[in-house]
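In: give me coordinates for this.
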Amino acid sequence: SYSNLNMPAEQGREATASWKVVTLQDISQIERMEQQIHEAEKLAAVGQMSGSVAHGFRNPLAASSGSAQILALDQDNLAAIDPATFRTLVGIILRESVRMAKTITDFLQFARPAAVQPEWFSLGRLVDEVIASLLQGPLGAAAARVDREFDANLGCWADRQQVQTVLVHLLENGCAAVGAEGGRVTVAAAETQQGGQEVLQIEVRDQGPGIAPHLRTRVFEPFFSNRADGTGLGLSIVRQIIDNHRGTVAIADNTPAGCIVRLTLPLPPRSTP
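Out: This next block holds a predicted model:
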């Protein structure tokens, strides 16, 4: 609702009266509507997230449940199960359990991003740790073909744990893109200038099929994925972390094939003696 209030203004030297019109507006209804819209958006996001969680759990649960049922049927005669079959079934249960745990971790990281706590650390050492971890998983064959192209002494000023999360997602995507017998994945990094500021630029390049130009912004949207086993949150988490570091992230073509994910992290001013 609105109401007008007429108030006399200060009189000038000629004593000519003038008036001001003050409009009072009751914004409580507008605030209530904005709150309702906000709650509706939250519910829509929760619904979308719940559907994605259910989709992400369906296949791993089916695979784990099927393997467990086979073992349960032969529980009185486990010794008679072929050792190779036993290892395969147990491997399926373990692999899919890890996959579901990763899905939960992705959702928690996206829904509750941690505060940035920057520190200096060795980028090379961190990349080596991520590669070593990937070597133990289903992408191990591709992870064995990850190259590092930057100075071993290159330092990074950022939240180490969050940059590790970024590298895990980017290298997983790169390794999945090249496949078990495909091309190579390269991590390159160097200090450079961007907009008059010192930044650390990191590139993850792969020789996979690449990403179509019209999808290069969509891949950063939550729940968008062109992989059957993806949650659609990996690159969303990457962008969220880089944004919180006041950096940039973008996708470009790799030559002759594949794509490049290029990100920058601002560096603090150098101390002068």
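
In: helix or strand for residue 96, which one?
Out: Under the criterion of DSSP states H and E, residue 96 resides in helix 83-111.

In: who does that helix touch, helix- and strand-wise?
Out: Where contact means 3 or more Cβ pairs under 8 Å, 6 or more residues apart in numbering; DSSP states H and E, helix 83-111 is packed against helix 28-73, helix 234-244. Bear in mind the C-beta positions are built from the backbone N, C-alpha and C, glycine included.

In: go through these and find the least confident stretch.
Out: Of all these, mean pLDDT reaches its minimum on helix 28-73 (a mean of 69).

In: picking that back up, how far away from the center of its chain is the helix holding residue 96?
Out: Averaged C-alpha coordinates place helix 83-111 at 20 Å from its chain's average position (Cα atoms, centre = their mean, to the nearest Å).

In: what mean pLDDT does that helix get?
Out: The predicted model gives helix 83-111 an average pLDDT of 76.

In: just the angle between it and helix 234-244, please?
Out: Computed by axes from the mean of the first three to the mean of the last three Cα atoms, to 10 degrees, the angle separating helix 83-111 from helix 234-244 equals 40 degrees.

In: okay, buried residues for helix 83-111 please.
Out: 89, 92-93, 96, 99-100, 102-103, 106-107, 109-110 (16 or more other Cβ atoms under 10 Å).

In: can you redo the residues you listed as JSON lines with distance to residue 209?
Out: Below are the buried residues of helix 83-111 laid out as JSON lines (distance: Cβ to Cβ, whole Å):
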{"residue": "89", "distance to residue 209": "33"}
{"residue": "92", "distance to residue 209": "28"}
{"residue": "93", "distance to residue 209": "32"}
{"residue": "96", "distance to residue 209": "26"}
{"residue": "99", "distance to residue 209": "23"}
{"residue": "100", "distance to residue 209": "27"}
{"residue": "102", "distance to residue 209": "23"}
{"residue": "103", "distance to residue 209": "24"}
{"residue": "106", "distance to residue 209": "23"}
{"residue": "107", "distance to residue 209": "27"}
{"residue": "109", "distance to residue 209": "27"}
{"residue": "110", "distance to residue 209": "26"}
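
In: close enough to count as contact, residue 242 and residue 266?
Out: No. Taking contacts as Cβ atoms under 8 Å, residue 242 lies outside contact range of residue 266: 10.4 Å.
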